[in-house]
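A.B. asks: With the sequence up front, the predicted model follows.
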Amino acid sequence: MSEIARLTGVVWSPGAAFRDIAARPRWWPPLVILVLAGAIFIYNFTQRVGWERFFRQQAETNSRMQNMPADQREQTVAAQIKYGPTFAYVAAVVALPIMALVTAGVFLFLFRMLMSVELSFRQSLAIVCYSWVPTLFGSIMAFIMLYLKTPEDFDLNYPAPTNIGAFLELSSTPKWLLSLATSIDVVTLWTLALLATGFAAADRKISWGSSFACVFGTWAVYVLLKMGWAAAFG
């Protein structure tokens, strides 16, 4: 399959697409597209909303920031405004590939050690990167919302209404509950299903259900850790 056929096949015919991906693993095409999409979104956010508004909104809802003396809080916000844009671009270009490597390594370990699946790291990385294709739809929706909403109403933490957290009242909802609600996301669930399809396609010895149980269980552990962090430090 061509790369275009793979990228579209992941959406319309994931089983056939992932069988081809597992047989001839190439991880970089979807990753490059997602990195470019992230960088383009950050540029447009910087131009339309700006980082000063974002960081001041964050300071208003962060209990630790509110407990700081006024001058110290202002210094912290000023530093965030100064270095925030650079950090955002670096995160868009560097963080996503690192996340892909870590995720591929975790699933390689789980599927090889727990399910005895014959799988290479290159296959695992390719499956992970192509499974993230639905996030491109989330990026497109976020880009649309960026220009449909006024700069004052756009929240970078919830750029698109794809998860439950986007519909909750931020000021009154406990941080741990907000973390859980944000995790229940249409794009995320779609991605989990694709991950299960990809790993099941890589080795026919495991069923889709077993593959999904492994993927979903790993994600559930991550969500619980994230909720605990939010409850302790949010």
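C.D. replies: Noted; the coordinates are in hand.
A.B. asks: Give me the buried positions along the lowest-mean-pLDDT helix or strand in the chain.
C.D. replies: Across the helices and strands of the chain, mean confidence by mean pLDDT, DSSP states H and E is lowest for helix 63-66: a mean of 71. Within helix 63-66, the residues scored as buried using 16 or more other CB atoms under 10 Å are M65. The way it works is simple: take the backbone N, C-alpha and C, and place the C-beta from them, glycine included.
A.B. asks: just stretch 41-61 next, same as before
C.D. replies: In stretch 41-61, counting by 16+ other CB under 10 Å, buried: F41, I42, F45, V49, W51, F54, F55, Q57, Q58, A59.
A.B. asks: again with stretch 131-141
C.D. replies: S131, W132, V133, P134, T135, L136, G138, S139, M141.
A.B. asks: cool, stretch 206-217 as well?
C.D. replies: Neighbour-count burial for stretch 206-217 [16+ other CB under 10 Å]: I206, S210, S211, F212, C214, V215.
A.B. asks: Is it correct that the fifth one is in contact with M113?
C.D. replies: This means C214. No: C214 is beyond contact range of M113, at 10.8 Å (criterion: CB atoms under 8 Å).
A.B. asks: that older thread, ok, the buried residues of stretch 206-217 vs E169, which is closest?
C.D. replies: E169 lies nearest to V215 out of the buried residues of stretch 206-217, by CB to CB, at 31.6 Å.
A.B. asks: quick one: pLDDT of the closest one?
C.D. replies: Looking at V215, its pLDDT reads 97.
A.B. asks: From V128, how far off is it?
C.D. replies: Distance of V215 to V128, computed by CB to CB, to the nearest Å: 10 Å.
A.B. asks: Now do stretch 216-227: everything it contacts.
C.D. replies: V106, F107, L110, W176, S179, L180, S183, T188, L192, A196 (CB atoms under 8 Å, 6 or more residues apart in numbering).
A.B. asks: burial of the second one, as a residue count?
C.D. replies: F107 sits with 25 neighbouring residues when counted by other CB atoms under 10 Å.
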